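Trainee: Would you be able to build a 3D model of this:
(2 chains)
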2 protein chains.
Amino acid sequence: MIANAQMVETQIERFAALPLDCGSVLTPVDIAFETYGELNANRSNAILITHAFSGDAHAAGIHRVSGRPGWWDNMIGPGKAFDTDRYCVICSNILGGCAGTTGPSSIDPATGQPFAMTFPVITVPDIVRLQKMLIDRIGISRLLAVAGGSMGGMQALEWSVAYPEMVAAVIPIATTHRHSAQQIAFNEVGRQAIMADPDWDRGSYYLQRPPARGLAVARMVGHITYMSDSSMKEKFGRRLNGREALTREAAGFDFSAEFEVESYLRYRGSQFVDRFDANSYLYITKAMDYFDLSYGRGSLPAALERAEARFLLVSFSSDWLYPPYQSEEIVRALRSRNRDVAYCELSSQYGHDAFLLEVEEQTELVRGFLNSTYQRVTR
Amino acid sequence: MIANAQMVETQIERFAALPLDCGSVLTPVDIAFETYGELNANRSNAILITHAFSGDAHAAGIHRVSGRPGWWDNMIGPGKAFDTDRYCVICSNILGGCAGTTGPSSIDPATGQPFAMTFPVITVPDIVRLQKMLIDRIGISRLLAVAGGSMGGMQALEWSVAYPEMVAAVIPIATTHRHSAQQIAFNEVGRQAIMADPDWDRGSYYLQRPPARGLAVARMVGHITYMSDSSMKEKFGRRLNGREALTREAAGFDFSAEFEVESYLRYRGSQFVDRFDANSYLYITKAMDYFDLSYGRGSLPAALERAEARFLLVSFSSDWLYPPYQSEEIVRALRSRNRDVAYCELSSQYGHDAFLLEVEEQTELVRGFLNSTYQRVTR
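Mentor: Predicted coordinates for the structure are as follows:
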């Protein structure tokens, strides 16, 4: 593994100005990105990977500084679904994030202090606009594909209708064209957990301690929604830490983490605090909630009629956070406007996490779809 | 309505001692309860209603002090499902609660201070043991029925196997014989939200301000799990406060509650703080997580083999917190031991809340079941 592993580095590009949907302009703005594989001579083999809520630019390979594998390394690399022997894969950290791209933790040049809550509210179209500036600068006039899961799928959808001439194919996975009330509700609980933490201090915590407890609670809620009832049952059941089953004698009868699922959530919550900025949590979840592909475009079918790309949509049977019916709405809208769309609901026990875990079947789908797209583009 | 409404009062009974599963003994212990309807001469028409997590003894009628209707008033009363013209209905606040029955906010006679986190950890069997003492004191040797939804259903199940000779019928609604990992996980998030609030102060907040923010966040999570995706869609959709639909111009682009679902959750969260004790939240959710009807009884079928009662189980199609499959597990176990069981999965959009909202079909089921049980008992 290590012998084959690609060592990668994160690069930063700076742009003088990024106009935002809210009317503000960010000056300047940085975007962190990584590339895997080589751009071919006519620059026709570039694929943009768009990351989910808590992702970053490090999608594949082993990071030269952290030594960590990328978040979608099982899907991106030589011979993998996104085959870096054939394609040049690009992944950037989203606007508003906290891993190199300008976000609320960045220094506001006007004050010399972190933006914190003076950072403008951003939208998914804003995020995509910055990605488009990066793709322009790299000198790519048309992407072979834009692909991403969850919030990454929202970005892929936005690309297809905002810059139709620049995308040959889009692969929105486990996503939606707009959040339901339930999805907004889960995000709102996370935001409230952060804002309820006194250490949040209206976002101005950068020189003090961060709202670690609130952010951890928010992340715990997130993790429940990423798994399924049955995957949690399989992974934890009612097992106690270090014991096979709950016995009343063995139970500590206190409020420490007795059940394995409790320890897991506490661990994932506290771990998240070390790598994620609480204000980014607020801004990015808000961008997800605002997102509505049909906004300003009449209707969902009318919005998607603008698209020129081929579509491959994927959903997962046990994903209750982004249920298959939400992908099917998009598929129906595309078909109603005679757009080229393939759709597959994959059977999986892993809930929303499936887009990160179900490698084999996704690889088969993605590889074939990219291959036929590439043949069309290059013939 | 008001003319027909029954004015009711909450009564308190005190017992010298209640031994608990954890080995402690509470001395003394109070239990708050209400009764509706008259006990008949041979005391054969008594029904015990067991409440859900955040319920109290005030299940029906109009409370003489608060003026509020009971939490199951649509199901209990003259001519209703639990017909108080025929039956004597009793409801008590659970042990560990905060509405009259001894719980963590009660004064520990040993110290003269509230128990807070020195309150012993309690179990569903403890809760039922105290209810049984109340029923004994009232002078009822056999209940016509024990009925309840959600955590109330756990109590009904426990009654059926702990005191089989004392129960002619049980009606567990939208419940389970033990929590899954997902159910434990949601409870744990609520507990962590409370314990993350500095105002919780390890439970010793009674002379200061309570952990209102943490408790509100916990309640918000709860409310999402009580509703269904489709009921939230119907109730809120993506509507903004005071506006029909989200338009980018209208959106405030800030972190106030813009979507109706956000305001609703914030309101329900803050409202809960006024009526519920955060430490009771911890103790009661822990009792739910510990509950396992099969514990110490070999297996679920072996546990239920002890039961002598008739069973009516009810679940709701859109209830994803206590999904129908959990009721079906109980039904299968009962049938495997030739127990008398009727089961109905009612079609509903209301999710777990359905047991409080779907009055008509529940009434039909419950009325017929109680009627035939009463005829058997009195013939």
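
Trainee: Run through the stretch 251-379 of chain A and note the low-pLDDT ranges.
Mentor: Along the stretch 251-379 of chain A, segments meeting pLDDT under 70 span A:251-254.

Trainee: And the strands in it, which stretches?
Mentor: A:310-316, A:341-346 (DSSP state E, counting those that start in this stretch).

Trainee: Make TSV from those and add mean neighbour count to it.
Mentor: C-betas here are computed from N, CA, C, even on glycine. Listed next are these as TSV, based on neighbours: other CB atoms under 10 Å in any protein chain shown:
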stretch	mean neighbour count
strand A:310-316	25
strand A:341-346	18
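
Trainee: Just want the phi and psi numbers for the single nearest residue of the stretch 1-150 of chain A relative to chain B.
Mentor: The nearest approach of the stretch 1-150 of chain A to chain B comes at A:Val121, 3.9 Å away (CB to the nearest CB). Phi and psi for A:Val121, reported as degrees, to the nearest 10, are phi -70, psi 130.

Trainee: Next: A:Ala257.
Mentor: Phi and psi for A:Ala257, reported as degrees, to the nearest 10, are phi -80, psi 100.

Trainee: chain center to stretch A:332-347, what's the gap?
Mentor: On the basis of CA atoms, centre = their mean, to the nearest Å, stretch A:332-347 sits 22 Å off its chain's mean C-alpha point.

Trainee: mind listing what the nearest residue to A:Tyr283 once chain neighbours are set aside touches?
Mentor: Once flanking residues are discounted, A:Tyr283 sits nearest to A:Gly96: 4.3 Å by CB to CB, 6 or more residues apart in numbering or on different chains. Contact analysis of A:Gly96 by CB atoms under 8 Å, 6 or more residues apart in numbering or on different chains lists A:102-104, A:119, A:122, A:127, A:280, A:283-284, A:287.

Trainee: hmm, 10 Å instead?
Mentor: Shown in contact with A:Gly96 (CB atoms under 10 Å, 6 or more residues apart in numbering or on different chains): A:102-106, A:119-123, A:126-127, A:130, A:277, A:279-287.

Trainee: try A:Asp108
Mentor: A:Asp108 makes contact with A:26, A:102, A:114-116, A:118-119, according to CB under 10 Å, 6+ apart.

Trainee: Out of these, which end up buried?
Mentor: Buried residues within those, counting neighbours by 16 or more other CB atoms under 10 Å in any protein chain shown: A:26, A:102, A:114-116, A:119.

Trainee: could I get the residues you listed as TSV with pLDDT and secondary structure?
Mentor: Below are the buried ones among the contacts of A:Asp108 laid out as TSV (pLDDT from 0 to 100; DSSP: H, G, I helix; E, B strand; the rest coil):
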residue	pLDDT	secondary structure
A:Leu26	97	strand
A:Thr102	98	coil
A:Pro114	97	strand
A:Phe115	97	coil
A:Ala116	97	helix
A:Phe119	96	coil
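
Trainee: filter the residues you listed down to the ones near chain B?
Mentor: Among those, none lies close to chain B by the criterion of CB under 10 Å from any CB of the partner chain.

Trainee: Can you tell me which of the residues you listed lies closest to A:Asp56?
Mentor: A:Asp56 lies nearest to A:Thr102 out of the buried ones among the contacts of A:Asp108, by CB to CB, at 13.6 Å.
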